[in-house]
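Trainee: Everything below, folded, please.
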Amino acid sequence: MKSNLLEHIHTPADLRQLDEAQLPQLAQELRAFIIDIVSVKEGHLGASLGVIELTIALHYVFNTPEDALIWDVGHQAYGHKILTGRRENFHTNRQLNGISGFPKRSESIYDAFGVGHSSTSISAALGMAIASNLNGDFEKQHIAVIGDASIASGMAFEGLNHAGVTNANLLVILNDNAIGIDPSVGALKNYLTAVKEGKNPRQNNMIKSLNFNYSGPIDGNDIFAVTKELKRLQKIKGPKFLHVITTKGKGLHQAEQDQVKYHAPGKFDALTGEIIPKFEENLPPKYQDVFGLTILDLAQKNKKIIGITPAMPSGSSLKFMMDALPERAFDVGIAEQHAVTLAAGMATQGMIVYCNIYSTFLQRAYDQVIHDVALQNLPVVFCLDRAGLVGEDGATHHGVFDIAYLRCIPNLIIYAPINEIALQNILYTAQSGLEHPIAIRYPRGRGVIQDWKKEHFGHYQKIETGKASCIKNGSKVAVLSSGTIGNNVITALDEIENPEHIAHYDFAFVKPLDEKLLHEIFQNFKFIITVEDGTVIGGFGSGILEFAAQNNYQSTIKTVGIPDEFIGQGTVNQLQQYCEISVETLKSLFLSY
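Mentor: Numbers count the residues shown, from 1 in each chain. The predicted structure is shown next:
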């Protein structure tokens, strides 16, 4: 009976004590370990399974952590974490107070650079390599592992372009599996496919033309081939590029066959691979599906409607429109800047463009929002999915900054629907002649209305810009909420005995604010509480404070929302509890007045 190798590996130094012939056994054990844990605890599965051999080979050949290893995005870094001292607490992955689902500098010296968003690895590794040269260390290795979806992003090309004119000791490894979360798209994907199939002559290699020492493509799931090539490249100075071909989900049949679903499959049977079904009957809809189904319905009735998403057709549910109207719905790849300016260009030609980008990823296109859309007052409709706290993906993915970074932009309308009906109605309203661009922010997860489709789908109502509404009357305290967090306020007030002194107002429009109603509120209430699922600095509450100051109101104002810190991972409820915007913490707050 073979001994268990993995249980004796606490650091890569232990790994390097193994005979190379033992590495396939370790790969099998590491793959099984990840499957066993993720099947119960959930997480990103397919990406890590695909790079098991590459991960082992990298730590076996290179002297990590002295040699710097940077994983792009980090979905694929579970094996790396397990081999670098986190095997015993890997079961806490993505949980409150557990280890992060992504590489994180404060977590381990083996995590050379913190990641979570795509296409940063080449620039970061190049920066380290240039710094090493300046420090007189010409032996240190700097390795960036980047996927074929991420390398198509503009920032990755910027890094490659710079690296090619340096003598930096940089190794870029392209992990080519033809898929990110959804299948990769674009001309570069077609080029890489041609390279893999031997249809592209080596003399026309675009990477070589950028002054990289190019090798590959090789089988990235053949651990001996990878180890051999890494040892060869280890001896070569300057910028190098290794093209490896892997299979996302390798080692679990279902994950190989359905790579989109098994990117992050939830709970599944570790032996059979079958996903354990969630009981989702008679539940309210996911906000992303409300968007996806509504935009398809509107587009079928209005030929000027266009849908755009940067690499998130499934996650945003724009896939409904892409399947039904492919000529008017575009996945542009991991290219948020391009997505925004593409939308702006279409808007100049009279098209009605719904640009769907996760809140945290719109940060990557901030200049384009200002320079290409708002400055020209083009009526692009930004649909910001995953706004607010997103849960287990943690600090890199929470959409909590959007209100603050958008509120200061002239011409831009900001709207946060309280429920799925309001989301439908603002999507409908946005197609009917808004004179300004608008950002519509809504959360990950489900709404609150179980029979939304039967009762409301297709029965749209136009929304008056800048109008807030009273949900509940009161006499002493006014609670002003924006967005779906208002449902926590509603529930909290429902659970309080005799809350007649507390009024509740829904300010779906963060910009422009309903100043007429605000004057009434400040004239009638001594205490004002603002509640939001965005950062309190610069957010909705800040807007209310500014209004009060400008109009010399003396009411006591308390702003409640995301505190001035990066919030880690955990369930949405746990994180709302920490940020004091959960139902229970809001009840306690309201009872104190």
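
Trainee: Neighbours of the closest residue to residue 118 other than its chain neighbours, how many?
Mentor: Leaving out its chain neighbours, the residue that sits closest to residue 118 by C-beta to C-beta, 6 or more residues apart in numbering is residue 150, at 4.1 Å. Quick note: C-beta positions are derived from backbone N, CA and C, even for glycine. Applying other C-beta atoms under 10 Å, we find 25 residues neighbouring residue 150.

Trainee: show me the contacts for residue 150.
Mentor: Residue 150 makes contact with 72, 73, 118, 119, 121, 156, 180, 334, according to C-beta atoms under 8 Å, 6 or more residues apart in numbering.

Trainee: In PyMOL, how would I select the buried members of the residues you listed?
Mentor: In PyMOL syntax, the buried subset of the contacts of residue 150 is picked out as below (16 or more other C-beta atoms under 10 Å):
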select buried, resi 72+73+118+119+121+156+180+334
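
Trainee: Reformat the contacts of residue 150 as TSV; add distance to residue 167 and secondary structure.
Mentor: Listed next are the contacts of residue 150 as TSV, based on distance: C-beta to C-beta, whole Å; DSSP: H, G, I helix; E, B strand; the rest coil:
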residue	distance to residue 167	secondary structure
72	23	coil
73	28	coil
118	27	coil
119	23	coil
121	20	helix
156	20	helix
180	32	coil
334	29	coil
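
Trainee: Lowest-confidence one in the contacts of residue 150?
Mentor: Taking the contacts of residue 150 together, the minimum pLDDT is found at residue 180 (69).

Trainee: So what does the closest residue to residue 141 other than its chain neighbours have for phi and psi?
Mentor: Closest residue to residue 141 apart from its sequence neighbours, by C-beta to C-beta, 6+ apart: residue 67 at 3.9 Å. Main-chain torsions, residue 67, degrees, to the nearest 10: phi -80, psi 130.

Trainee: Residue 67: neighbour count?
Mentor: For residue 67, the neighbour count with other C-beta under 10 Å is 20.

Trainee: Could you pull out the helices in the stretch 151-300 of the chain for me?
Mentor: Counting by DSSP state H, counting those that start in this stretch, the stretch 151-300 of the chain has helices at residues 154-163, 187-196, 223-234, 253-257, 287-301.

Trainee: So residue 422: helix, strand or coil?
Mentor: helix (DSSP: H, G, I helix; E, B strand; the rest coil).

Trainee: where's it relative to residue 290, distance?
Mentor: Separation of residue 422 from residue 290 (C-beta to C-beta, to the nearest Å): 10 Å.

Trainee: Next, residue 84: secondary structure please.
Mentor: Strictly by three-state DSSP, residue 84 counts as helix.

Trainee: The nearest residue to it once chain neighbours are set aside: what's it in contact with?
Mentor: Computed as C-beta to C-beta, 6+ apart, the closest residue to residue 84 that is not its neighbour in sequence is residue 110, at 3.8 Å. Shown in contact with residue 110 (C-beta under 8 Å, 6+ apart): 12, 64, 65, 69, 80, 84, 85.

Trainee: out of residue 422 and residue 290, which sits in the more crowded spot?
Mentor: Applying other C-beta under 10 Å to residue 422 and residue 290 shows that residue 290 carries more neighbours, namely 28 against 24.

Trainee: Would you check that that one makes contact with residue 448?
Mentor: No - the criterion here is C-beta atoms under 8 Å, and residue 290 misses it with residue 448 at 11.3 Å.

Trainee: what touches both of the two?
Mentor: residue 420.

Trainee: tell me the two of the contacts of residue 110 that are most distant?
Mentor: 69 and 85 (14.0 Å; C-beta to C-beta).

Trainee: who's more crowded, those two?
Mentor: Set residue 69 next to residue 85 and count neighbours by other C-beta under 10 Å: residue 69 wins out with 28 against 17.

Trainee: So the more buried one belongs to a strand, correct?
Mentor: Yes - counting by three-state DSSP, residue 69 is found in a strand.

Trainee: sec struct for the nearest residue to it once chain neighbours are set aside, please.
Mentor: Excluding the flanking residues, the one nearest residue 69 by C-beta to C-beta, 6+ apart is residue 143, at 5.1 Å. Put simply, residue 143 is strand when judged by three-state DSSP.

Trainee: Residue 172 touches residue 243, doesn't it?
Mentor: No - using C-beta under 8 Å, residue 172 makes no contact with residue 243, being 9.4 Å away.
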